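Enquirer: quick check, what structure comes out for this input:
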Amino acid sequence: MSLYGLVICGGESTRMGTDKSLLVYYKKPQHEHVADLLASLCERVILCCNTEQYKTFRTSYPKLSDLPKYGGAGPMSGLLTAFETFPGNDFLVAGCDYPYLTTDELANFLHNTDKDLPAAAFYNASGFYEPLLGWYSRSAGNALRETFENGSRSLQHFLIAENAGKYRPLSEKTMLSVDTTADFQAIKRALEAENDF
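Expert: Sure thing, here's the model as predicted:
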C-alpha cells in the first residue's frame, strides 16, 4: 500500500484576489513548499491543479488537472481525480493556505492516525474537520465517489458521515489558513520576525 501526497492548489482564491498557491512565505511558491513538506513522507507527491494552473505552473513535481466529470466540486474534485488516476493508493492531502504547516506535524498526524478508519483529518477547536489537512485511505475512494454522485460536494460532510479520525495538532497555529491579502501580509511579517536571528 503506497502513500501519495496531494497538494491541493486549485481553489479560486476569490477573497485573496490572487492564487494562494503562488504566495511566497519561504522563498518559493507555496505549492512547491507544501510539496517539499510532503516529499519525505510520501512515495510520490502530486500537485492537484485547475486547468489554468496546469498550463502555467513550472515545477519539478507532477501535475494533475481535475477531470471534467468532477469539475465544480471544489477540493473534492482534486481528490476524486486522484483516486481515479492513481487507484489503490492512500493520500495525504495538504492545502496551500496553511503557512505554519510542518513536516513534523504531518508525520505526527500519520503516526497517530488509526489506519483501520477510512479517513482522518486535523480537527479544530470549533469542532470542525480541516479536510485539506487529511489522510484518505484507498477504501475511502468509492464512498467519496458515491457522495459526489448523490449531489454532495462537501468534504466536511463526507468526513462526518464516515466518522473519520480527529487529530488535534501539536500547535493550533498549524490550522491557521490565509484567506485575505491582509492575512498574508501579517503572517509573512510574523514569519520573517520569527526567523530573523
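Enquirer: quick one: stretch 72-87 to chain centroid distance?
Expert: 12 Å (Cα atoms, centre = their mean, to the nearest Å).
Enquirer: report the next helix or strand after the least confident helix or strand in the chain by mean pLDDT in sequence order.
Expert: The weakest-scoring helix or strand in the chain, judged by mean pLDDT, DSSP states H and E, is helix 51-56 (a mean of 84). For helix 51-56, the following helix or strand on the C-terminal side (DSSP states H and E) is strand 63-65.
Enquirer: tell me which residue is most central in this protein.
Expert: Nearest residue to the geometric centre of the chain (Cα atoms, centre = their mean): Ala94, 2.3 Å.
Enquirer: contacting residues around it?
Expert: 5-8, 34, 37-38, 101, 106, 132-133 (Cβ atoms under 8 Å, 6 or more residues apart in numbering). (C-beta placed from N, C-alpha, C; glycine too.)
Enquirer: which residues in this structure form helices?
Expert: In the chain, the helices defined using DSSP state H lie at 30-39, 51-56, 75-85, 103-111, 140-149, 155-161, 181-194.
Enquirer: which of those helices has the lowest mean pLDDT?
Expert: The minimum mean pLDDT among the helices of the chain belongs to helix 51-56 (a mean of 84).
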